[in-house]
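Peer 1: Generate a structure from the sequence data that follows.
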Amino acid sequence: MKEQDHASRVGPPRRFGWLFASLRGYQPSWLTRDAMAGLMLVAIALPGQLATARLAGMPAETGLIAFAVGAIAFAAVGGNRFISVGADSTIAPIFAGLIATMAVGDPSRYLELAATLALMVGAMLVVAGLLRAGWLADLLSVPVTTGFLAGIAVHIIVGQLPAVLGVAPSEGHLLLRLFDVLRRLPEANPYAIVIATAVLAATVGAYWLGPRVPGALVGLAAAALATWWFGLAGRGVETLGALPAVLPSLSLPSLELEDLADLLPLAATVALVCMMQTAAVARSFPSAPGVSEDVSRDFVGVGAGSLIAGVTGAFAVDASPPSTAVVVEAGGRSQMAQLLAVAVIVLLAAFAGAAAAYVPRAALDAVLIYIALRIFRVGEMVRIARRSSGEILLVVAAIALVVLLPIESGVGLAIVLSLVHSIYLLARPLCARLERLPGTTVWWPPSRRVAGETVPGVLVFAPAAPLTFINADYIRGQLDRALAETGGVRLVVIEASGITLIDYTGAEALIDTIARLRHRGIDVALARLEADRAAAAARRSGLLAALGADHVFHSVEEAVRSLGRSH
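Peer 2: Next up, the predicted model:
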């Protein structure tokens, strides 16, 4: 209990002034838990990093490099105590397609482009973190995020089917590649199918048994052993190849300005996805109960990982939800768990890299298919369909964009879809005519369960949104509509608890409305303008002066009682 209390008091620091925040106040008693969590992380991350490197179109060893530099960089400058950073299957397919198109079949150019993209993504994340722009992660709605992740999952599954079936991959649109794979089913290699099916079954089974069962690692090891024992490489089963036991060299990629311009939209898309996922992981696994996470600092940690990945020949990294969950569930106490995992993986790569020569690619692709199934969130889709008003259409639209278009364009347009949806919600807010609940002084939107009361000649109007240039005319139109439908109104009380912000255009529109209604003999009052920011804007813009001090009230009931009888 004392150990937990101390960890809670430590929490993540809120400044960027020093390194290795999660190791602040480290206690020797934590080492055992961190070591166990680190070993569990190795068991989960090792096959995932190798598979993700393949998904990114990169050499297998770059996945391990991405994990190492991502973990070290985040431990050094990140804030969260548990986040695991490395190669991520969410962002890998987003950039792999465009980079492959730009590289035109040149492997060395592909590596240069991937490294350059990592530097650009890292720079964007670091700048966003230093500018305290953690709010950027909230620009993506849950339905749109669920949809584009499902679309990415479809890309992953279709992309891995050729290796799983043991047939040559084809080029072209996603649906054409799927049709081509299905057409060539009679040519499938039965050994590759058995290997992929067994590894997928082991991984799924381990997930249901518990997070501490390393099903993917056991499956890969068994597949490698079977490939060696039965000589399956000679029977058409493609293998990974030995991992080179060399340290990565530091170098800056050299590209033309034209290439940087071509990569810029892709880098912005990948960076925004990284922000979204990093924020989600940080909020799901906070450093300490009741401590607000410094998401901006975590952006810097992930960005630093991508920057170092870019100069070590790897690719952009991201926070990993499953790996972070393993660290937490295994009892990890700090980023020491990630650092110990890096040490173990470095030792394995140095002394056991030759064993990778027997790892079948079908086994790695089975791990990727498992990851794709995890990010295809059917349960979330069902909840959205049941609990929202039509937002499942956003999920379907995001899936369609990512599946039918090139993946980087589809993800970018899905992000635009989320922004357009949020703008629409602000531009067309709910505007309700309130009624008094019987026997109370509470004014509430009409309900089918309870019949509300109205006061003759009084209209209580409640716009549930900030009053800005984007919705001022709409809200004014809704008020005019409510007046026309009610009839005989002598007093309008604007219930302003939902108005958290008033800009110049919104204030001018409301001032004009007040003058216009009073000219028609309809008085106007304001009640429950509670937001300090909105109240300050109302004073500064002259809105309160236009209303008059005796027409601003703390409650709707107070306004109705004070002014309703006089009209």
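Peer 1: contacts and neighbour counts: CA atoms only from here.
Peer 2: OK.
Peer 1: Report pLDDT for R183.
Peer 2: On pLDDT, R183 comes in at 90.
Peer 1: Going forward, the N-terminal residue is numbered 36.
Peer 2: Okay, using 36 as the starting number, the last item reads as R218.
Peer 1: contacting residues for P480?
Peer 2: A467, R468, L469, E470 (C-alpha atoms under 8 Å, 6 or more residues apart in numbering).
Peer 1: what's the spacing between stretch 530-543 and its chain's center?
Peer 2: Stretch 530-543 sits 30 Å away from the centroid of its parent chain (C-alpha atoms, centre = their mean, to the nearest Å).
Peer 1: Give me the buried positions along it.
Peer 2: Within stretch 530-543, the residues scored as buried using 16 or more other C-alpha atoms under 10 Å are 530-538, 540-543.
Peer 1: Show me those residues that map onto helices.
Peer 2: Judged by DSSP state H, those include T540, G541, A542, E543 as members of helices.
Peer 1: my read: the third one touches A580, true?
Peer 2: This means A542. No - if you go by C-alpha atoms under 8 Å, A542 and A580 don't touch, sitting 11.5 Å apart.
Peer 1: Hmm, L561 is touching F588, no?
Peer 2: Yes - taking C-alpha under 8 Å as the definition, L561 is a contact partner of F588 at 6.2 Å.
Peer 1: what residues are shared contacts of these two?
Peer 2: With C-alpha under 8 Å, 6+ apart as the test, L561 and F588 both reach A594.
Peer 1: who has more neighbours, those two?
Peer 2: L561 (24 against 19; other C-alpha atoms under 10 Å).
Peer 1: Assign a three-state SS to the more buried one, would you?
Peer 2: The three-state label given to L561 by DSSP: H, G, I helix; E, B strand; the rest coil is strand.
Peer 1: any idea how far it is from A571?
Peer 2: According to C-alpha to C-alpha, to the nearest Å, L561 stands 14 Å off from A571.
Peer 1: what does T151 give?
Peer 2: 46 Å.
Peer 1: contacts for the helix or strand hosting L152?
Peer 2: Applying DSSP states H and E as the criterion places L152 in helix 142-165. Contact partners of helix 142-165, identified using C-alpha under 8 Å, 6+ apart, comprise 93, 134-135, 137-138, 169, 288-290, 295, 298-299, 302-303, 305-306, 310, 330-352.
Peer 1: do the same with stretch 288-305
Peer 2: Against stretch 288-305 from outside (C-alpha under 8 Å, 6+ apart): 126, 129-130, 147-148, 150-152, 155-156, 159, 345-346, 443, 446-447.
Peer 1: quick check, nearest of the residues you listed to L436?
Peer 2: V446 (7.2 Å; C-alpha to C-alpha).
Peer 1: Got the confidence number for that closest one?
Peer 2: 87.
Peer 1: What segments of the stretch 436-585 of the chain are strands?
Peer 2: For the stretch 436-585 of the chain, strands defined by DSSP state E, counting those that start in this stretch occupy the ranges 466-468, 470-471, 478-479, 493-498, 526-530, 558-562.
Peer 1: More neighbours: T151 and A571, which one.
Peer 2: For T151 versus A571, the count of surrounding residues by other C-alpha under 10 Å is larger for T151: 29 against 13.
Peer 1: looking at this protein, which helix or strand does the model trust least?
Peer 2: Scoring the helices and strands of the chain by mean pLDDT, DSSP states H and E places helix 37-45 at the bottom, with a mean of 40.
Peer 1: which sections of the stretch 336-485 of the chain are below the confidence cut-off?
Peer 2: For the stretch 336-485 of the chain, applying pLDDT under 70 flags no range at all.
Peer 1: what about 80?
Peer 2: Applying pLDDT under 80 to the stretch 336-485 of the chain picks out residues 365, 387-388, 482-485.
Peer 1: ditto for the stretch 136-285 of the chain
Peer 2: 169, 171-174, 242, 244-250, 279-284.
Peer 1: Tell me where it has helices.
Peer 2: Ranges of helices in the stretch 136-285 of the chain, per DSSP state H, counting those that start in this stretch, are 142-165, 177-200, 209-218, 225-244, 250-265.
Peer 1: between the ones you listed, which one is nearest to P63?
Peer 2: helix 250-265 (29.4 Å).
Peer 1: Give me the angle between the following helix or strand past that closest one and helix 142-165.
Peer 2: Counting by DSSP H and E, the element after helix 250-265 in chain order, helix or strand, is helix 292-319. Angle between the axes of helix 292-319 and helix 142-165 is 50 degrees (criterion: axes from the mean of the first three to the mean of the last three C-alpha atoms, to 10 degrees).
Peer 1: ok, and for helix 292-319, which residues are buried?
Peer 2: Buried, per 16+ other C-alpha under 10 Å, within helix 292-319: 298, 301-317.
Peer 1: Does anything pack onto the helix or strand just after it? Which helices or strands?
Peer 2: Sequence order places helix 330-346 as the next helix or strand after helix 292-319, per DSSP H and E. Helices and strands touching helix 330-346, by 3 or more C-alpha pairs under 8 Å, 6 or more residues apart in numbering; DSSP states H and E, are helix 95-112, helix 142-165, helix 292-319.
Peer 1: any chance of the ones you listed in JSON lines, plus distance to L460?
Peer 2: Output for those, formatted as JSON lines (distance: least, C-alpha to C-alpha, whole Å):
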{"stretch": "helix 95-112", "distance to L460": "36"}
{"stretch": "helix 142-165", "distance to L460": "26"}
{"stretch": "helix 292-319", "distance to L460": "20"}
